[in-house]
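**Q** the sequence and its predicted three-dimensional model are supplied below.
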Amino acid sequence: MTGVFSLGIATLDYVYSVETMPTRGEKYRSRDLAVVGGGCAGNASVAIARLGGRSWLATRLADDLTGDQIVAELRGEGVDTSFSLRAPGLRSPVSAILVDAEGERMVISYSDPAMPVTTDWLPGNLPEGAGAVLADTRWGEGALAALALARKAGLPGVLDADRKPPHPDLVATASHVAFSAQALRELSEEEDPRLGLAKIARNAETWLAKTWLAKTWLAKTWLAKTWLAVTLGKEGVLFVEDGKIAHIPAFPVAAVDTLGAGDVWHGAFALALAEGQDERAAIRFASATAAIKCTRFGGRAGAPRREEVEHFLAQAS
């Protein structure tokens with residue numbers, strides 16, 4: 001069984017279902033509440049495990065009760081958390097999230113600013129069975145180290161760029177980058193995602209030449225350009241293929257909760273690559289996984305199992 005080594009943030013989310021988003025400083029009543037693990041990498045690691053892949057997660061947590069709860073839930077889902085840091089005397093990440101009747105969300109999150117950024121505790125090699133690496137942008141130093149391991153092993157290294165990458169080498173070090181619309185807009189300074197993606201694609205080779213990769217043996221053994229995409233929710237996915245911008249539409253569903261859909265998409269995409277699927281097939285697999293998740297309330301609690309995704313795809317054919 002192949003799997004994905006994920007690195008990034010894992011949180012504890014308090015998800016409130018509301019009719020509409022608050023607009024004034026007064027009391028509001030929630031229709032439902034889910035207390036569930038969250039975070040980009042945390043959600044992705046659970047999605048990978050539910051889809052039948054081996055799943056490892058390297059994340060930074062505090063040695064507190066919240067951290068205990070986060071780890072316990074991840075382990076209960078089959079995620080290997082042995083590569084995670086538990087920092088004493090700090091606070092683990094938490095989020096308060098409002099989800100309205102249209103399935104859109106508002107997120108207020110907290111991460112302890114004193115959390116260490118050093119990477120010396122990370123493994124020097126990927127665990128046996130890892131077929132890909134997935135990293136988010138919340139800890140730039142760690143993401144760069146994880147993606148470098150993927151390069152070293154000749155495996156796909158996927159960057160979940162839901163925010164503007166904090167480290168200049170991240171995009172060039174990843175083999176695959178999937179931006180959010182906001183992150184692409186911030187990095188490219190283009191409002192149109194097609195123009196933004198094309199601009200990043202033109203710059204990618206230049207960025208690679210300026211990174212540490214150009215000064216190592218990796219520059220000679222890995223010459224392919226970084227694969228680039230942007231996820232646009234219900235509008236589907238744009239990606240660069242043969243020098244042109246291609247599009248795969250999203251699966252139409254009645255959205256109940258979009259929280260975690262992007263994270264689930266990235267986890268499914270990375271697993272598909274680890275299993276040997278090409279990028280088009282991986283996008284379709286990931287989009288089906290995210291679509292099913294959007295029909296369920298509770299963040300990553302709605303991430304589907306493999307058989308559900310396969311049935312969904314069979315029905316959509």
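**A** Nice, I can see it.
**Q** so Val117 sits against Glu141, correct?
**A** Yes - Val117 lies in contact with Glu141 (CB atoms under 8 Å); the separation is 5.1 Å. C-beta coordinates here come from the backbone N, C-alpha and C atoms, glycine included.
**Q** so for these two, which sits in the more crowded spot?
**A** Using other CB atoms under 10 Å as the criterion, Val117 and Glu141 rank with Glu141 on top: 14 against 9.
**Q** so that one sits against Thr119, correct?
**A** Yes - Glu141 lies in contact with Thr119 (CB under 8 Å); the separation is 5.3 Å.
**Q** okay, Lys210: pLDDT?
**A** Reading off the confidence values, Lys210 has pLDDT 50.
**Q** nope, Thr206 is what I meant
**A** 62.
**Q** kindly report the same for Arg86.
**A** At Arg86, pLDDT is 97.
**Q** show me what contacts the spatially closest residue to it that is not a sequence neighbour?
**A** Nearest residue to Arg86 in three dimensions, chain neighbours excluded: Asp63, at 4.5 Å (CB to CB, 6 or more residues apart in numbering). Contacts for Asp63 (CB atoms under 8 Å, 6 or more residues apart in numbering) come out as Arg86, Ala87, Pro88, Gly89, Leu90.
**Q** now do the helix or strand harbouring the first one: which elements does it pack against?
**A** Right, Arg86. Following DSSP states H and E, one finds Arg86 within strand 85-87. If you count contacts as 3 or more CB pairs under 8 Å, 6 or more residues apart in numbering; DSSP states H and E, strand 85-87 packs onto strand 60-62.
**Q** ok, and what's touching the strand it packs on?
**A** 9-10, 67, 70-71, 84-93, 112, 115-116, 139, 142.
**Q** who does the strand holding Arg86 pair up with?
**A** Within its sheet, and counting by DSSP bridges, strand 85-87 is paired with strand 60-62 (parallel).
**Q** can you show me the strands along the stretch 201-317 of the chain?
**A** When secondary structure is read from DSSP state E, counting those that start in this stretch, the stretch 201-317 of the chain shows strands at 227-231, 237-241, 244-248.
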